[in-house]
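> Quick one: sequence and predicted model below, then my questions.
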Amino acid sequence: MTATAPDAHPTPGAPMTDTLSPLHDEHVALGAALTSFAGWQMPLRYTSDLAEHTAVRTAAGLFDLSHMGEIEVSGAAAGAFLDRALVGNLSALRVLGARYTMIVQPDGGVIDDLVVYRTGQDVYLVVANASNHDVVLAELRERAATAGADVEVADRSAVTALVAVQGPHALAVVEALTGLAADPDGPTDVTPATLRYYACLPMRFDGAPVLVARTGYTGEDGFEFFVDTTAAPGLWRALLTAGAGHGIVPAGLSARDSLRLEAGMPLYGNELDRTTTPHDAGLGRVVKLDKVDADGAPLPFVGREALAARAHSAPARVLVGLQGLGRRAARHGYAVHASTQPDAAVVGTVTSGAPSPTLGHPVAMAYVTPEVSAEGTELAVDVRGRREPVRVVPLPFYRRPR
């Protein structure tokens with residue numbers, strides 16, 4: 001999914017064309033440093049990147065993610081349509097379940113990575129990255145029209161806010177949230193405490209419908225709240241109040257990016273793009289080549305032939321983790337060399353990199369040639385003209401304690 005961070009080089013200030021979050025006034029009141037990102041003005045940080053990152057790892061952080069796109073696909077044929085439009089098997093997703101998936105081009109290149117929630121028997125919520133919202137919406141509508149699918153593809157982004165609580169104290173914050181109650185039409189045997197990872201639950205906040213999902217993009221436990229934009233400010237303030245005794249802090253997009261990097265999660269535009277297949281990024285598991293139609297025949301979906309060929313071919317490049325052995329951090333676009341020697345060949349490119357607040361040393365993800373991708377291989381990154389030693393390590397760099 002998408003964030004912004006040092007790799008993204010955000011532009012301070014907001015062009016007149018930027019969309020304001022429904023929580024914009026809350027961010028201003030909290031003294032946030034705002035940045036222009038994907039056509040939105042969003043909080044980059046409130047205090048310091050380090051403090052916000054550390055709070056999420058040790059207590060809880062509150063994020064405004066209202067820039068993300070929410071697209072509802074509904075109708076009796078919605079599941080079958082998404083099976084053909086996306087790489088995953090969405091018709092098999094249980095009601096109130098969620099799944100990470102992708103929409104790709106016919107050649108297998110990634111248009112966007114998505115999270116899909118099945119909110120009803122025939123209703124799915126497709127969450128797209130802010131920078132790709134328009135193209136994902138257009139692709140879904142075009143694919144529905146081409147297939148003659150009897151579905152409705154509706155853009156809910158303008159009326160939906162998204163707020164996330166992430167961190168080891170996230171559940172305690174949610175349980176302390178005044179005004180959160182069960183939905184009369186929702187399941188009676190599920191609460192936030194019993195909600196499974198990658199599942200969602202319809203609830204009410206001060207009477208307003210809210211979809212609570214146990215999902216996130218930080219490597220920590222957490223909850224995401226999809227709520228009407230008019231109810232979002234009240235929810236934001238109530239979460240800060242509920243979390244006051246649990247160490248909660250508002251956190252910006254910069255901390256979100258350093259958190260997802262430590263957790264080895266891909267960022268669209270860095271690890272994923274239209275020249276990259278899911279298999280290139282080590283995410284071939286999300287591609288369900290074994291999908292079948294009602295007659296048991298292989299189900300064609302956009303990109304299937306290209307991805308089937310890619311699944312059975314040797315990779316030209318491999319996404320790896322790199323641990324910096326010095327103090328200077330690699331950044332997006334920096335060249336990876338076979339060694340620190342001046343004449344060492346270029347063997348790859350850094351996709352994301354930064355100092356790791358949790359681990360205390362620089363980390364990076366990079367695409368490298370297969371022959372140098374083995375764990376323990378020592379390489380070098382050209383950091384502003386100087387070769388800095390790095391070592392190939394497994395992803396993710398960080399896993400939360402269980």
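Received it, and whenever you're ready, just let me know what you need.
> what's the next secondary structure element after the lowest-mean-pLDDT helix or strand in the chain?
None of the helices or strands of the chain scores lower by mean pLDDT, DSSP states H and E than strand 11-12, at a mean of 45. Next in sequence after strand 11-12, counting helices and strands by DSSP states H and E, comes strand 19-20.
> tell me how far that next one is from the chain's mean position?
Taking CA atoms, centre = their mean, to the nearest Å, one finds the center of strand 19-20 at 20 Å from the center of the full chain.
> Is the residue lying farthest from the centre of the chain in a helix, a strand, or coil?
Farthest-out residue of the chain from its mean C-alpha position, per CA atoms, centre = their mean: Asp343, at 38.0 Å. Counting by DSSP: H, G, I helix; E, B strand; the rest coil, the backbone at Asp343 sits in coil.
> got the contact list for it?
By CB atoms under 8 Å, 6 or more residues apart in numbering, no residues touch Asp343. (Glycine included, C-beta is placed from N, CA and C.)
> try 10 Å
His337 (CB atoms under 10 Å, 6 or more residues apart in numbering).
> now the helices: where do they sit in the stretch 1-150 of the chain?
Taking DSSP state H, counting those that start in this stretch, the helices of the stretch 1-150 of the chain run over residues 24-29, 49-58, 78-85, 133-147.
> of all those, which lies closest to Asp18?
With respect to Asp18, and counting by CB to CB, the nearest of the helices of the stretch 1-150 of the chain is helix 24-29 at 9.9 Å.
> can you list the residues that contact that closest one?
Under the criterion CB under 10 Å, 6+ apart, residues 14, 18, 20-21, 23, 32-34, 40-44, 46, 62, 64, 66, 232-233, 236-237, 240, 250, 252 lie in contact with helix 24-29.
> I'd like to know which of those are part of strands.
Among the contacts of helix 24-29, the members found in strands (DSSP state E) are 20, 33-34, 40-44, 62, 64, 250.
> Most neighbours among those residues, which one is it?
Among the ones in strands among the contacts of helix 24-29, Met42 has the most neighbours (other CB atoms under 10 Å), with 29 neighbours.
> Could you pull up the residues touching that one?
Contacts of Met42 (CB under 10 Å, 6+ apart): 3-4, 10, 14, 18-21, 23-24, 27, 32, 34-36, 63-67, 130, 252-253.
> ok, now which ones touch the closest residue to Tyr367 other than its chain neighbours?
The shortest distance from Tyr367 to any non-neighbouring residue, by CB to CB, 6 or more residues apart in numbering, is to Arg317 (4.4 Å). Contact analysis of Arg317 by CB under 10 Å, 6+ apart lists 276, 280-281, 347-349, 366-370, 373.
> what are the bridge partners for the residue lying closest to Ala55 once chain neighbours are set aside, then?
Among residues not flanking Ala55 along the chain, Val249 sits closest, at 4.4 Å (CB to CB, 6+ apart). For Val249, the beta-bridge partners are Gly61 (DSSP bridges).
> mind listing what Val249 touches?
With contact set as CB under 10 Å, 6+ apart, Val249 has these partners: 30, 46-47, 51-52, 54-56, 59-62, 167, 240, 243, 255.
> Of the residues you listed, select the buried ones using a ChimeraX command.
Buried members of the contacts of Val249 can be picked out in ChimeraX with the line below, counting by 16 or more other CB atoms under 10 Å:
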select :46,47,52,54,55,56,59,60,61,62,167,240,243,255
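> Any idea how far apart the tips of stretch 242-261 sit?
Across stretch 242-261, the terminal residues are separated by 28 Å (CA to CA, to the nearest Å).
> That one - what's its average pLDDT?
In this model, stretch 242-261 has a mean pLDDT of 98.
> So what's the gap between that stretch and the chain middle?
On the basis of CA atoms, centre = their mean, stretch 242-261 sits 15 Å off its chain's mean C-alpha point.
> Flag every buried residue along it.
Those would be 242-243, 246-261, for stretch 242-261 by 16+ other CB under 10 Å.
> residue contacts, the residue lying closest to Gly69 once chain neighbours are set aside?
Distances taken as CB to CB, 6+ apart put His133 closest to Gly69, at 3.2 Å, once the chain neighbours are dropped. Residues near His133 by CB under 10 Å, 6+ apart: 38-39, 67-71, 112, 127, 155, 157.
> before we move on, what about Arg327?
Residues near Arg327 by CB under 10 Å, 6+ apart: 355, 361-362, 388.
> and with 8 Å instead?
If you count contacts by CB under 8 Å, 6+ apart, then Arg327 has 361-362 around it.
> likewise Thr351?
267, 270-271, 319, 332, 364-367.
> What count of nearby residues applies to Thr358?
18.
> and the gap between it and Pro396?
Look at Thr358 and Pro396: by CB to CB, to the nearest Å, they are 11 Å apart.
> one step back: turn the ones in strands among the contacts of helix 24-29 into a markdown table, including distance to Asp183.
Below are the ones in strands among the contacts of helix 24-29 laid out as a markdown table (distance: CB to CB, whole Å):
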| residue | distance to Asp183 |
| --- | --- |
| Leu20 | 29 |
| Ala33 | 37 |
| Leu34 | 34 |
| Trp40 | 29 |
| Gln41 | 32 |
| Met42 | 29 |
| Pro43 | 30 |
| Leu44 | 34 |
| Leu62 | 23 |
| Asp64 | 23 |
| Pro250 | 27 |
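> Closest one of those residues to Glu139?
Checking the ones in strands among the contacts of helix 24-29 one by one against Glu139 (CB to CB), the nearest turns out to be Trp40, at 20.8 Å.
> which one of the contacts of Thr351 has the most neighbours?
Ala366 leads the contacts of Thr351 on contacts (other CB under 10 Å) with 28 neighbours.
> Sounds good, over and out.
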